[in-house]
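In: turn this into a structure:
(chains A, B, C and D)
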2 protein chains.
Amino acid sequence: MTTASSPLYVQLAATLRAKITSGEFPPGTKLPSERALCEEHSASRNTVRLGLQRLVAEGLIVASQGRGYTVRRQDVLVYNASRSEDHDRRVSAGVDAWVQDIEEQGRTPSQKISVSIERAQPDIAERLGLGPNSNVLVRRRLRFVDDQAWSTEDSYYPYDLVRGTPIAEPADIPQGVIAYLASMGHAQTRYLDDVTAVMPNPAQTSELNVEPGVPLLVRTRTGYADERPVRVTVTAMPTDRNVLRYDLGGPQHG
Amino acid sequence: MTTASSPLYVQLAATLRAKITSGEFPPGTKLPSERALCEEHSASRNTVRLGLQRLVAEGLIVASQGRGYTVRRQDVLVYNASRSEDHDRRVSAGVDAWVQDIEEQGRTPSQKISVSIERAQPDIAERLGLGPNSNVLVRRRLRFVDDQAWSTEDSYYPYDLVRGTPIAEPADIPQGVIAYLASMGHAQTRYLDDVTAVMPNPAQTSELNVEPGVPLLVRTRTGYADERPVRVTVTAMPTDRNVLRYDLGGPQHG
DNA sequence: GAGTGGTCTAGACCACGTC
DNA sequence: ACGTGGTCTAGACCACTCA
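Out: The predicted model follows:
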């Protein structure tokens, strides 16, 4: 047996994983307590915890102090990244593209917006083509779906570009920031998306209410108006509730 | 102090993290041994291990039995997803797009290809618009950069489409599979990419040589020829060495 | 062989949720 | 009040690496 030679905590994780993926433990099921699993598998609590930790890291179960472990409910929404900047759609709908995306999936989106002026972080400054001590206007969004925290989206604009405009106000802009910038002569004609994933740091863990161990999908979008970068947007999405979608119409790129 | 109230292992992780990110411990540095950190922080070994585990999960350090913990060397390559299917580039270069992408970054790519015929998994069958018991041709690629495992790419084709063609052979196809399919009248005109991230399972951990705790970026690309899905490709990339890039020429999508 | 991380035990007390 | 997970201790032996 190959399993007989693997560590106890790995076997324990495999046993529970099988019950979850087979459907014997459907989403919402409460797992036996750590101390019960100790007896059941003749293992110490530390060993049991090591095994459970594995399943938490895989996103299969969630732990809650005082309440126990439960099998996670899967509830994934699609964020359509390639069409999210479509001018026509946005202008006709009067809302931003994310809001529309979520509503089309029958859910209720909402967001909290805060605006500040900050010294640009080095990577942001580089993407915007700014000097090391430049200021940027930052619009931070915390996005909710059905009143549950869902993702964060932080946009950075060169401060010189937006000084004194409505973009610098902490309110939603009806037609969308993109369209407003376009009306000022900064129509974005090209977007560059870099996608990666990170493990959440403590701040993100609490802000987005993710279990430690669930990766965050991070998309960094740079928007260009006539080859000049005018915006960097960093979107962080817990992967247990998001899929990022790109619809590429064909081989028109080069 | 807020830090004074946080758990010991969190403080320990924060201390080491600061030394790493500040540059005091540059990449390649060997960390003090677990037992040395025990003394230094007056903590038990389990507690020290909890803290170190955190940094491993964040991808900052790697552990090696018998050798100790070392600060990870960051070495991230860009995979340009939006141009990777560009017919013109591929045909002119005579190699597949990933190979070209890596070579342009001054590295040496290589890959191992294996081909098999399998019963389609449910999610693959659904994306390909096939019935539940359909067969698919599977081309599995394990990709290397400078002889280090880098990513996996598994392509699924409806078996009826490729039976008896060179695609079903376990060799590289000089002009690329896409171009070959096009010459057979199945030119792919549209691609749909779903991007998410998962924690690696044990098989992926060993195949791609990733530390447990480093997330995998997973892109599922469905290729359409005249509205008919003809290919599904699943690419798994450890995020500690990959960034996925989309260059969107503008708001031409709808 | 000496030192490293990997696994494991058998306890302890604390913080949180539920009843 | 009780049971849950969260943190922590002080040991033990094994597996691996390197000199």
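In: tell me which residue of chain A lies closest to DNA strand C.
Out: Closest contact between chain A and DNA strand C, by Cβ to the nearest atom of the strand, is at residue A:66 (2.5 Å). Yep, even glycine has a C-beta here, placed from its N, CA and C like the rest.
In: from DNA strand D, how far off is that residue?
Out: 3 Å (Cβ to the nearest atom of the strand, to the nearest Å).
In: who touches that residue in this structure?
Out: Not one residue lies near residue A:66 by Cβ atoms under 8 Å, 6 or more residues apart in numbering or on different chains.
In: secondary structure element holding it?
Out: Assigned by DSSP states H and E, residue A:66 falls within no helix or strand.
In: quick check, pLDDT for it.
Out: On pLDDT, residue A:66 comes in at 91.
In: what's the answer for residue A:18, then?
Out: The confidence metric pLDDT takes the value 91 at residue A:18.
In: I'd assumed it was in a strand, is it?
Out: No - counting by DSSP: H, G, I helix; E, B strand; the rest coil, residue A:18 falls outside a strand, being helix.
In: tell me who's in contact with it.
Out: Neighbours of residue A:18 in contact, by Cβ under 8 Å, 6+ apart: none.
In: can you check residue A:29 too?
Out: Counting by Cβ under 8 Å, 6+ apart, the residues that residue A:29 touches are A:20, A:70, A:71.
In: and which of those residues is nearest to residue A:139?
Out: residue A:70 (35.9 Å; Cβ to Cβ).
In: confirm for me that the closest one is in contact with residue A:31.
Out: Yes - with contact defined as Cβ atoms under 8 Å, residue A:70 reaches residue A:31; the gap is 6.9 Å.
In: show me which of the two is the more surrounded one.
Out: More crowded of residue A:70 and residue A:31, by other Cβ atoms under 10 Å in any protein chain shown: residue A:31, with 19 against 16.
In: what residues does the stretch 1-150 of chain A put near DNA strand D?
Out: A:31, A:33-36, A:45-46, A:49, A:63-69 (Cβ under 7 Å from any atom of the strand).
In: which of those fall in helices?
Out: A:34, A:35, A:36, A:45, A:46, A:49 (DSSP state H).
In: which two of these have the greatest separation?
Out: Longest distance between any two of these is 15.4 Å, between A:36 and A:46; criterion Cβ to Cβ.
In: what sits opposite the closest residue to chain B within the stretch 51-200 of chain A in the beta ladder?
Out: Proximity to chain B, evaluated over the stretch 51-200 of chain A using Cβ to the nearest Cβ, is greatest for residue A:197 at 3.5 Å. Beta-bridge pairing of residue A:197 under DSSP bridges involves residue A:217.
In: can I see the domain layout of chain A?
Out: Chain A breaks down by automatic domain parsing into domains covering A:2-71, A:77-245.
In: mean pLDDT for those domains: which is lowest?
Out: domain A:77-245 (a mean of 82).
In: point out the residues in the stretch 1-150 of chain A that sit beside DNA strand C.
Out: A:7-10, A:42-47, A:50, A:64-67.
In: at 10 Å instead, please
Out: For the stretch 1-150 of chain A, the residues found near DNA strand C under the criterion Cβ under 10 Å from any atom of the strand are A:5-13, A:34-35, A:38, A:41-51, A:64-68.
In: tell me the buried residues in the helix or strand where residue A:161 lies?
Out: For residue A:161, the host element (DSSP H and E) is helix A:159-162. For helix A:159-162, the neighbour count (16 or more other Cβ atoms under 10 Å in any protein chain shown) marks A:159, A:161, A:162 as buried.
In: cool, and stretch A:118-126?
Out: Here stretch A:118-126 shows A:120, A:124, A:125 as buried, counting by 16+ other Cβ under 10 Å.
In: for these, give me CSV that also has distance to residue A:140 and secondary structure.
Out: Formatted as CSV, these follow (distance: Cβ to Cβ, whole Å; DSSP: H, G, I helix; E, B strand; the rest coil):
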residue, distance to residue A:140, secondary structure
A:120, 14, coil
A:124, 13, helix
A:125, 18, helix
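In: from those, which is closest to residue A:102?
Out: residue A:124 (26.5 Å).
In: nearest spatial neighbour of that closest one, skipping sequence neighbours?
Out: Using Cβ to Cβ, 6 or more residues apart in numbering or on different chains and skipping the chain neighbours, the partner closest in space to residue A:124 is residue A:156 (5.0 Å).
In: count of neighbours near residue A:34?
Out: Residue A:34 is flanked by 17 other residues according to other Cβ under 10 Å.
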